[in-house]
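# have a look at this fold, sequence not included:
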């Protein structure tokens, strides 16, 4: 069963008994520490180092941009210094939040995930670093905090966010741009709680004929493991189940299957299916993993055009920013639906951004039938190679399974670092080279 909607409205402490009673489900539970969006936030303790309402501890909504919450200073990007004869504001934000962890989480893998924070982010749990500082404001990132938690007790989360990056290439790619510069944890924060043996993530390549290749990343697999793949239609249709043996200690497996009577995905008929994977050990299910997918075949023909399911497509689209007057870059699914429907109502079929959008916007594009050009940020300037590869990896892992995503953009105009190209080829099984 899916617990997401239930979890977001309950504290971890109140939810502990429910999880214990339903532990046989063995799914990865998503437990929100923040609100799901800026319209339904959770308050954390907050300290801003400069600008409005600074140098004192108070409260802030999470997720949000701190400027929209009355903190710091509004600054614009590319020409700020030239127009104002001074450097843009570089305030920092300190966040604190306490949360309880049930005792029965001990022995499981617990990750903390940030949907997006601007721009450098340091995370501590109970006074200890969760990992290296994350640099890059438009990307989802995670830390394994299993060893840092106090189980059956309260835990303290501290997050230090710098509005500007210590990495010059990140500032060049993201901050020297024609847009407002914001700071803060502007997308949700959550825990991912998985059994020790589990499916970490997948990358699918589903074709119009119902065939599929799935790259599966696994953790802590021992002997006598199998993987079952089942497809379900969103209207209740059931399809054949395929079973695959998994080698002991395997960290990556590729499975291949084909289902009959599949309706392909396209802008006029965005047919979606639920791919259900079950990892079993000695015949017992240890982890369930579900992903919504669409079957479509893409072909890029040189000096001809782009074909989907054998039909040449003409893209009519627009550039969209993740932006809202009351939230800055902190948005919601409601806003994504408004934008997606507006684009469709204007008889367009494609949309591009200058950075990865919110996941809920891609879900809207999947369901409405919009082509997406998903872009690694880089406004006229690219990330350095090490940073670019890391951020491209985060983007592709998060977004590779959306049928709406048909093209990856490696930066904007002058923001292309050719040394990061291989990351796209390595991580996307749908690649066309």
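Done, it's in. Computed from a predicted structure; not experimentally measured.

# surely residue 116 and residue 186 touch.
Yes - counting by CB atoms under 8 Å, residue 186 is a contact partner of residue 116 at 5.8 Å. All C-beta spots, glycine's among them, are computed from the backbone N, C-alpha and C.

# who touches both of those two?
Residues touching both residue 116 and residue 186 (CB atoms under 8 Å, 6 or more residues apart in numbering) are residue 329.

# any idea what residue 308 is bridged to?
Counting by DSSP bridges, residue 308 forms beta bridges with residue 298, residue 311.

# need the contact list for it.
Residue 308 neighbours (CB under 8 Å, 6+ apart): 266, 296, 297, 298, 299, 406.

# how near is it to residue 380?
Residue 308 is 31 Å from residue 380, where distance means CB to CB, to the nearest Å.

# follow-up on the earlier one: of the contacts of residue 308, closest to residue 81?
Proximity of these to residue 81 (CB to CB) peaks at residue 406, which lies at 38.1 Å.

# what residues of the helix or strand containing that closest one count as buried?
Assessed by DSSP states H and E, residue 406 sits inside strand 405-412. Neighbour counts over strand 405-412 (16 or more other CB atoms under 10 Å) mark 405, 406, 407, 408, 409, 410, 411, 412 as buried.

# cool, and stretch 253-261?
Neighbour-count burial for stretch 253-261 flags 253, 255, 257, 259 (criterion: 16+ other CB under 10 Å).

# in helices, which of those appear?
Assignment to helices by DSSP state H places none of the buried residues of stretch 253-261 there.

# next one, pLDDT for the residue lying farthest from the centre of the chain please.
Most distant residue from the mean C-alpha position of the chain: residue 85, 37.5 Å away (CA atoms, centre = their mean). Here the pLDDT value assigned to residue 85 is 70.

# any idea how far residue 79 is from it?
Look at residue 85 and residue 79: by CB to CB, they are 11 Å apart.

# before we move on, back to that, if any of the contacts of residue 308 are buried, put those into a ChimeraX selection.
This is the ChimeraX syntax for the buried subset of these, where burial follows 16+ other CB under 10 Å:
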select :266,296,297,298,406
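
# partners of the helix or strand harbouring residue 156, with directions?
Secondary structure assignment for residue 156, by DSSP H and E: strand 153-162. Partners of strand 153-162 in the sheet, by DSSP bridges, are strand 92-101 (antiparallel), strand 120-125 (antiparallel).

# who touches the helix or strand following the shortest one?
It stands for strand 120-125. The helix or strand immediately downstream of strand 120-125 is strand 128-129, counting by DSSP H and E. Strand 128-129 is contacted from outside by 122, 123, 148, using CB under 8 Å, 6+ apart.

# hang on, the earlier thing: quick one: closest of the strands paired with strand 153-162 to residue 53.
Closest approach to residue 53 among these (CB to CB): strand 92-101, 11.2 Å.

# fine by me, we can end here.
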